[in-house]
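In: Any chance you can model this:
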Amino acid sequence: PEPAVAAGRGAGGRQVGLGLLARPALERLLARPLPGRAVAEVNRLAVRIYLWHQPVLVAVTVLTARGGLRLPGLHTDPAGPLWVLARCCWLPLLAAVLVTVVRAGQPGSPRGPGGGGIAGRSAECVPPAAPVYDHRRSGPPDPQEVIAVRDSDPPSRGRADGQSR
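Out: A predicted model of the protein is given here:
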């Protein structure tokens with residue numbers, strides 16, 4: 001195989017191994033209030049962040065190109081470590097624009113889509129339903145237990161009490 005292909009083999013396995021090695025330290029870090037809340041908030045908005053990060057990059061690149069300058073790291077070819085350094089310098093601006101766009105689209109935001117009300121709310125805003133069965137209070141469920149509501153079964157499936165219709 002080609003050297004580039006051979007060098008890439010096992011990269012996923014190495015990443016998984018590093019993740020497993022870092023897991024205890026990351027769990028300790030996330031048990032602290034501030035980092036835990038930050039990660040929970042990013043996870044809650046992960047789909048929006050994923051969907052908007054490329055349009056934000058393109059918009060910032062196009063809008064800055066209208067100024068007529070070739071800005072390194074944004075309008076130049078990725079040609080080495082200096083380009084990577086220049087791109088890293090753009091990350092705070094790109095992150096600020098992304099945060100602004102993601103927050104503007106959140107429900108409850110004055111400029112958010114949907115016009116408010118129950119129809120404009122996404123599922124992530126709806127409070128969770130009360131648990132039907134809480135094993136912490138009632139113990140583990142009995143696999144033999146069958147719950148049947150007498151009048152909810154359609155006639156073709158029979159009756160819970162065994163009587164014919």
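In: All the helices of the protein, in order from the start?
Out: 3-8, 11-30, 33-44, 46-65, 81-104, 135-138 (DSSP state H).
In: out of those helices, which comes closest to residue 71?
Out: helix 46-65 (5.9 Å; Cβ to Cβ). Heads up, the C-betas are built off the backbone N, CA and C, glycines and all.
In: Let me know the angle separating that closest one from helix 33-44.
Out: 80 degrees (axes from the mean of the first three to the mean of the last three Cα atoms, to 10 degrees).
In: ok, back up a step: adding distance to residue 74, mean neighbour count and mean pLDDT, write the helices of the chain out as JSON lines.
Out: JSON lines is the format used below for the helices of the chain (distance: least, Cβ to Cβ, whole Å; neighbours: other Cβ atoms under 10 Å; pLDDT from 0 to 100):
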{"stretch": "helix 3-8", "distance to residue 74": "27", "mean neighbour count": "9", "mean pLDDT": "55"}
{"stretch": "helix 11-30", "distance to residue 74": "28", "mean neighbour count": "10", "mean pLDDT": "92"}
{"stretch": "helix 33-44", "distance to residue 74": "24", "mean neighbour count": "11", "mean pLDDT": "92"}
{"stretch": "helix 46-65", "distance to residue 74": "6", "mean neighbour count": "13", "mean pLDDT": "93"}
{"stretch": "helix 81-104", "distance to residue 74": "6", "mean neighbour count": "13", "mean pLDDT": "93"}
{"stretch": "helix 135-138", "distance to residue 74": "53", "mean neighbour count": "8", "mean pLDDT": "63"}
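In: and of the ones you listed, who's closest to residue 75?
Out: Counting by Cβ to Cβ, residue 75 lies closest to helix 46-65 out of the helices of the chain; the figure is 5.9 Å.
In: now for that closest one, which elements pack on it?
Out: Applying 3 or more Cβ pairs under 8 Å, 6 or more residues apart in numbering; DSSP states H and E, we find helix 46-65 packed against helix 81-104.
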